[in-house]
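**Q** structure for this input, please:
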Amino acid sequence: MSIYVGNLSYEVREEDLRQVFAEYGTVKKVQLPTDRETGRLRGFGFVEMESDAQEQSAIDALDGAEWMGRDLKVNKARPRTEKSHQKNYSSGGGSWGNGGRSNRRY
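**A** Numbers count the residues shown, from 1 in each chain. Have a look, this model is predicted:
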């Protein structure tokens, strides 16, 4: 399992995140996704640690903590589902001639 780290500074680097989480155990992997078009960091990342106990310790200590001028959001990462990484195009919505408004009402 891995840890989701949200509300990150756009200035953060993998090594910065690795150092913070290393206080709670062995960091196996750090990922900082970037925007495909701009290459800019997206403001969140993922950290994988050696054990569930280490991950839980880091979550307990860092969720809500201020770091680099921001309050971190730290929790267990949810598994990625097929639907979560597909474009959501509906037959009656999108920007196909309706000014970006969907025909559906909520």
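**Q** close enough to count as contact, Gly6 and Val47?
**A** No. Contact between Gly6 and Val47 fails when scored by CB atoms under 8 Å: they sit 11.7 Å apart. Backbone N, C-alpha and C define where each C-beta goes, glycine included.
**Q** same drill for these two, tell me which one is more crowded.
**A** Set Gly6 next to Val47 and count neighbours by other CB atoms under 10 Å: Val47 wins out with 27 against 15.
**Q** pretty sure that one is touching Met1, no?
**A** No. With contact defined as CB under 8 Å, Val47 does not count as touching Met1 (10.7 Å).
**Q** mind listing what's buried in stretch 20-35?
**A** For stretch 20-35, the neighbour count (16 or more other CB atoms under 10 Å) marks Val20, Phe21, Tyr24, Gly25, Val27, Val30, Leu32 as buried.
**Q** and the lengthiest helix in the chain, what does it pack against?
**A** The residue-count maximum for a helix in the chain (DSSP state H) belongs to helix 52-62. Contacting helix 52-62 under the criterion 3 or more CB pairs under 8 Å, 6 or more residues apart in numbering; DSSP states H and E are the following elements: strand 3-6, helix 14-22, strand 44-49, strand 73-76.
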